[in-house]
Structures are given as C-alpha cells and as structure tokens.
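> Quick one, what's the 3D model for this:
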Amino acid sequence: MATEQQRDEIVALESIFNNEEFSYSENNGQYYYTLKIFISLPTDYFFTYKDTRNPNEPVEKVSISHLPPLSLFITLPNDYPSISPPEFTLCCSWLRYYLVKMLCKKLDDLWSDNRGQEILYIWAAFLKNEILEFLSIENGLNIEYAYTCYKIRLEKNQDCNVQSNSSKSCLSVQIADNSCMGAMKNKKYLSKQKVSYKKNPRNKMKDTRDPRAIIDRPMNQNPVQMLNDYNEKRTEIEFKKNFYTCKICFADKSGESCTQFKPCLHVFCKECISGYFEVKIKDGAVQNINCPEEKCTSEALNGQIKDLVSPELFSKYDSTLLSATLATMLDIVHCPRRQCQYPVSKEPNEKMARCPACSYVFCLLCRMVYHGIEPCKLSSASKQELVNTYSEASEEVKLQLEKRYGKQQLTILVQNTMSENWIHNNSHNCPQCNAAIEKSDGCNKMTCGRCNTFFCWTCGVRLDHKNPYLHYRSPDSKCFNKLYLGLVDEEDDDYDDEDEAFFDYVYYSDSDDEDFLIDHGH
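Numbers count the residues shown, from 1 in each chain. Model (predicted):
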C-alpha cells in the first residue's frame, strides 16, 4: 500500500512539473509514475555524424536546440522510501546503450547516497541538468555509431528487396523490439527477466546487460532525421509558449498569434504577415517573398504562406509561382492558345512543339501554327522591331536573323518598312477613301486624287465642296487664318497683282458672289 510519504511526493512533483513532464496512475494501491526529462542544452549545441566505414567521408555537424526527452518509468514498492528504492526503466532514443546503462548505475548511486529519502526529484534534476557533463557530451553529441548501424541495415534491406520475394530469409530484416512500449507490455514498466548472450559470440562482455536501459528507437530509423524532426517540432512548441513584439504593428502577442521567418528568426504577428502575403500575391510578386524586415533576405516557406492566406489565394500563389518558375526554364514554353497555356517541353534545335494537353502543333519561333519551311509571319509591331534589330545588329547577329527569316525576305521587309514609315510621316489619309495623300507645296486645302474630296491638311476635316475656303476664314473654325500655315516663303516668288487680287477675292468673298468670277473672266 502507498505510504503517506509517497502521496506527499506526488503532490510535490505535480507542483514542480507540468502535465507533459509528469503523470501517474494507481492500481491496487501501487503507484506507477512517468517522468519526461527535457534536457537543458547549452547555446549552440550540435550533434555530429558520418558513416564510419568511409574514413574519407567528412564529419557532418548539425546545430540543435532540443533533444528528445528521456522517459523514466517508475514503480514504487510499498516500503519506498524507507527501505526499498524505486523500480525503474530508463528509455532514450539518441544515446548508445552503454551510456544509458551508465545513467541507470548513476541513479542507483544517487539512491544509495540518499537512502530513506524521496528520490524522484533528485533523479529528475540530475537527468535534466547534469547528464551532459556526466556523460562528457556537453560539447556535442556524436551519433556516428547509430548512423552507421542505420546505413548498414538500410543496405541490407535494399539487397533483400532486389532478391526474389519468395525468399523467406529476405522478407525483412528482423529488428529487436527494444522500445519502451515493449518493456511496458511485458512487465508494466519493468523488465526484470535475465538476458543471456552466451549464444552470440559477439557479446563477450564483462558486465551483464541492464534490462532497465532501453534504446527507444527502431534500428531502421534514420537517427539524423529523427533528431532534426524532433528539434523542429519542439522549437515550434516552445515558440508558441512565449510572447513577442510584432515588428510591424509593435503589439505584444503570444507565439500562437505570431509567425517566425527562418533562418533570420524575425517575428511578426500573423495578422500583419497575412496582409503582407496577400498584397504580394495579388501583385504577382510571388518569387522570393522575403521577410519584411529591412534588408533581410530570408524567404517565406510555402507552408508558412499556406497557413496565413485563404485557400483560393494560395492556389493563385501556387499557380503563379509555377508559371514564373517554368518561364525561367529554357526548355519549357507555354502553349500559345489562351484557353490552354499548358507547359510544353521543347527539344534542342527543334522549331516545332506539340502541346500534350490540347495537341496544338506550333512554331517555337513565332508561336503560330506550325508552317514548315515557310518564313514566320509577323505583326506590324513585330516587323518594326525586327527591322530595328536587323538594322542595328552586328554581322554575326544579322547572319542568325537571315538564317531564321531568310535574307531576301529581310531585305524586302526593311525596304517596305522604310517606305511605310516615310508614308506615315509625310502623308495624310483622305477622310473619304483613306488614300494616302502627299503634300508637295501650296496651301492646306487638299484635293484627293482618287475621290476628289476636299479636306484640310492641318486638321484632316472634310471641306465643303462648294466653298472649301470657308473653313479658313470663319472665326469659329480652329483653322481660322491657317490656309498657308507651315508654308515656307521663298524670296524669289513674286505674285503678280492680278493673281493676288484674284485670290483675295476668292478667299474673302462670300459664296453668293460666285457669278462674279464668270463676269470677270476667271
């Protein structure tokens, strides 16, 4: 039966440890305890590993802030603490067996030094604060042995998979159940059975195995991945327990309401970063979404973005990022069809590609339907750009363009483009038939040679056929007194008085005086 001292110790442990660190159960008056020991690590702690079978392989070093906890399963005898010590099993996933056995021996020594007293807190304090120094691993943890064993078993499994599935000897590599759960199933937290190693010639050890020391890791599990995964998970748990000041809104918020960028470790509240991500995605700036801290180059993780924006917005981010990434790949083009836009892989030195989604076969040069050996057809803007490029290009670039488009076609294209540019810059279109009209000399009242329409050269408006000059002498017209606007005077030109008087009459007279022209012989 449990003593008063045992019940008092439970109360004390509950006040010291949280629910994650300490739990217990009672069965027929006997107490069973579970202590999770989270070891205090120094700053910049790390572990190292390599495959020891390869002496030339460099040692890898990985920084961590957390190690998986030790598990101490305890059963209290009825005469504890006055006479008997607690019965325990110590489980660890990252130490070698002989080190765990050393810890078990140390716990026995601590009981011997404190016989008759409650010992559980002393054990927990030692495992939490003194274990690294006791095992001489305070400067780093070496897991080369565990990593090499993992690599050996991995290779054995791969060799077995290559062989026939009918081979019973290679169905699997047997892994001993050395876990805490296995120990718990056998003897309620304790395994007191004696283990014999006489049949195995490799185990000629002076000391017998300590059944209380358990390596709680399947031998086919990668120890490096296990330590990294736990460190990442535990770091996130500890982050959520603390409070931080957002560097954007300067509000103090719990870790649950914050997010942290890596590796810079800058912290912002989720509300601010959510808005920041939304603006970036809507603007299409999905590549390299950096930490908003000034001059920081840490990039947001995909999972971080997914957690802080709506599913619709993340889908847009994902598709836009994929398109932007594919655009940087030299062997990927997009289907030219607007309704498709599927990424298409192109072969080197090929001018044709086929979209696997819509089966559209197109030219890789002009993105139009494939036209064989015919030159690519170009739009007006593309023609002008090509002419400019060809005219200013070096001889080497000109040869490449001539190989692609044909020298004769480029020569004709340059000539036609120059003609079109000259016509565009030196002619106006007739407002009736759209014919290009060139002005060589004279006033701004123009007559179309194709349709005989009168129009103003200055503003392009169609003029009244009966009195076209009214446009230039009406004060309400925007071309008032601009009949000769832009005409260059020549000093040698002398108008005789009769012609000048005739023009003055036509220009300044009303249309009703048209008969005057006949009467005067004009």
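> CA atoms for contacts and neighbours, from now on please.
Will do.
> which residues are contacting stretch 286-295?
247, 261, 266, 277, 280, 296-300, 317, 320-321, 324 (Cα atoms under 8 Å, 6 or more residues apart in numbering).
> In helices only, show me these.
Secondary structure from DSSP state H places 277, 280, 317, 320-321, 324 of these in helices.
> Can you turn the buried subset of the contacts of stretch 286-295 into a selection I can paste into ChimeraX?
In ChimeraX, this line selects whichever of the contacts of stretch 286-295 come out buried by 16 or more other Cα atoms under 10 Å:
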select :261,266,277,298,299,300,317,320,321
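> coming back round to it: now tabulate the ones in helices among the contacts of stretch 286-295 in a markdown table and tack on pLDDT and distance to P218.
Output for the ones in helices among the contacts of stretch 286-295, formatted as a markdown table (pLDDT from 0 to 100; distance: Cα to Cα, whole Å):
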| residue | pLDDT | distance to P218 |
| --- | --- | --- |
| F277 | 94 | 41 |
| K280 | 91 | 45 |
| Y317 | 90 | 40 |
| T320 | 85 | 42 |
| L321 | 85 | 39 |
| A324 | 77 | 43 |
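> where does this protein have low pLDDT?
Residues of the chain meeting the criterion pLDDT under 70: 1-2, 161-207, 378-380, 403-406, 488-522.
> Please report the distance of the most centrally placed residue in it from S93.
For the chain, the residue nearest the mean C-alpha position is N302 (5.5 Å; Cα atoms, centre = their mean). Distance, N302 to S93, using Cα to Cα, to the nearest Å: 31 Å.
> go on, R354?
From R354 to S93 the distance is 54 Å (Cα to Cα).
> Which of these two has more residues huddled nearby?
S93 (22 against 17; other Cα atoms under 10 Å).
> Skipping adjacent residues, who's closest to that one in space?
D216 (4.6 Å; Cα to Cα, 6 or more residues apart in numbering).
> T417 now?
According to Cα to Cα, 6+ apart, the nearest residue to T417 is Q384 (7.0 Å).
> ok so the one you found is a strand residue?
No. Using DSSP: H, G, I helix; E, B strand; the rest coil, the assignment for Q384 is helix, not a strand.
> Neighbours of it, how many?
Neighbour count for Q384, taken as other Cα under 10 Å: 17.
> Help me confirm that it comes into contact with M418.
No. Between Q384 and M418 there is no contact, the gap being 9.4 Å when judged by Cα atoms under 8 Å.
> picking that back up, can I get the ones in helices among the contacts of stretch 286-295 in a markdown table including distance to T447?
As requested, these are exported to a markdown table (distance: Cα to Cα, whole Å):
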| residue | distance to T447 |
| --- | --- |
| F277 | 63 |
| K280 | 58 |
| Y317 | 60 |
| T320 | 56 |
| L321 | 59 |
| A324 | 55 |
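> Tell me the one of those residues nearest P336?
When these are ranked by distance to P336 (Cα to Cα), A324 comes first, at 15.9 Å.
> What's the separation between the closest one and E347?
20 Å.
> again with C376
On the measure of Cα to Cα, C376 and E347 end up 19 Å apart.
> For my notes, confirm Y33 occurs in a helix.
No. Assigned with three-state DSSP, Y33 falls outside any helix and is strand.
> domain assignment for this structure?
Here the chain is described, according to automatic domain parsing, as comprising the domains 1-164+171-223, 242-327, 382-426, 436-519.
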